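Novice: Build me a model from this:
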Amino acid sequence: MPGVRGDNLALYTKDMYEAQYETYKEVDTVHDKIYHVKSKVSGAGDKETQILGAGNLKRHEVEGESIDYKSPKQGWEYLTRYWTYSDGISLTKEAVEDTVKLGNFLKSLASSWGKSTRYAEEVMGATPFNRGGDLLGEWVFNGTHTNNTDSSGNMMYDSKPFFNLTGNIRSTKNGGTYYNSIAGLTLTPANFEILYNLHTATNNRDERDRVCSNPCDTLLVSPGADRFAAERIVDTSRGMPSSQINDKNVYYKIVSVMDWDYLSDSAFYLLKRQSQNMQFHKRQSPEIRFFRDEDNRGYKVSIDLRQGVLFKDWRNVSRGGGTAA
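Specialist: The predicted structure is shown next:
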């Protein structure tokens with residue numbers, strides 16, 4: 001082939017987009033079932049400030065008592081950074097011009113990037129679960145971006161790990177103390193109940209320590225043994241799981257079971273799926289370029305995307321077992 005003209009560059013790029021997109025759709029994912037996904041975002045990152053709103057209503061003890069007027073109270077600041085992911089291939093002028101089936105090669109390359117895109121999304125989505133107990137935090141929680149410094153660094157917005165234990169309690173704006181992780185638990189009916197009660201009946205308090213609803217609809221586990229254990233706990237309608245008692249199973253269908261290949265910590269999780277409090281931001285969809293390098297007359301193919309996660313409430317997920325650090 002004598003060379004690759006500009007119109008061919010455009011055609012090949014279009015073909016690569018189609019191949020990448022088709023492969024992208026074929027790979028089943030979990031992050032988009034766990035997180036609330038937002039695609040229409042802009043900037044280098046995002047920042048939200050929590051407003052606690054009005055306080056408790058005052059009971060008037062005398063007739064004609066005045067109303068107390070107060071300014072709204074600010075809560076936590078939530079930040080996320082949009083991280084860039086990229087890859088590129090360099091091709092010599094001779095390699096391109098001597099390749100008869102260049103189009104097939106580029107489509108194959110784009111297809112592999114379709115899988116790589118899904119991999120990048122899944123790994124980022126799973127990192128808060130796998131590394132959420134680290135006392136030094138993890139990069140995925142650091143929302144520092146242009147003109148906005150995340151004061152909590154690699155921690156959650158309150159400068160605590162995503163999963164904190166009883167020895168490392170976190171405080172609300174009103175001063176109440178809480179934890180959302182219990183070390184040493186394996187997935188058994190009794191431990192499932194312990195974690196469920198912690199999530200729904202202990203951590204059902206807002207930043208003013210007032211009672212609020214904190215539901216969970218998903219038991220998230222690793223594939224294999226934990227998946228089988230989870231099914232026995234919540235999908236058996238008669239008979240208490242792991243027991244000879246033939247009573248009604250009170251855990252039956254109380255949550256749905258979901259497994260995730262990307263989980264690496266020895267833990268199980270209760271959570272509210274696709275909550276606004278746990279967001280996956282897709283700042284930029286994968287962008288593919290195929291262009292001529294005028295310095296050496298060769299060709300380059302590249303892909304890049306941008307994404308980040310935003311957490312607005314530690315209560316959304318509770319962890320049993322896992323890293324105790």
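Novice: burial count for residue 285?
Specialist: The burial count assigned to residue 285 is 13, neighbours taken as other CB atoms under 10 Å. To be clear about C-beta, it is placed using only N, CA and C from the backbone, and glycine gets the same treatment.
Novice: Need the per-residue pLDDT for the closest residue to it other than its chain neighbours.
Specialist: Spatially, and ignoring its direct neighbours in sequence, residue 285 is nearest to residue 305 (6.4 Å; CB to CB, 6 or more residues apart in numbering). Confidence per residue is given as pLDDT, and for residue 305 that number is 96.
Novice: What of residue 243?
Specialist: Residue 243 carries a pLDDT value of 59.
Novice: Please apply the same query to residue 97.
Specialist: What the model reports as pLDDT for residue 97 is 79.
Novice: Which strand or helix spans residue 11?
Specialist: In this assignment (DSSP states H and E), residue 11 forms part of helix 6-26.
Novice: whoops, I mixed them up, residue 264
Specialist: Using DSSP H and E, residue 264 maps to neither a helix nor a strand.
Novice: How about the contacts made by it?
Specialist: 126, 130 (CB atoms under 8 Å, 6 or more residues apart in numbering).
Novice: if we can go back for a sec, following the helix holding residue 11, which helix or strand comes up?
Specialist: From helix 6-26 onward toward the C-terminus, using DSSP H and E, the following helix or strand is helix 31-34.
Novice: Buried residues in that next one, which are they?
Specialist: Across helix 31-34, burial judged by 16 or more other CB atoms under 10 Å covers 31, 34.
Novice: Give the other helices and strands that the helix or strand that it is followed by contacts.
Specialist: Tracing the chain past helix 31-34, the next element assigned as helix or strand by DSSP H and E is strand 35-38. Judged by 3 or more CB pairs under 8 Å, 6 or more residues apart in numbering; DSSP states H and E, the packing partners of strand 35-38 are strand 275-293.
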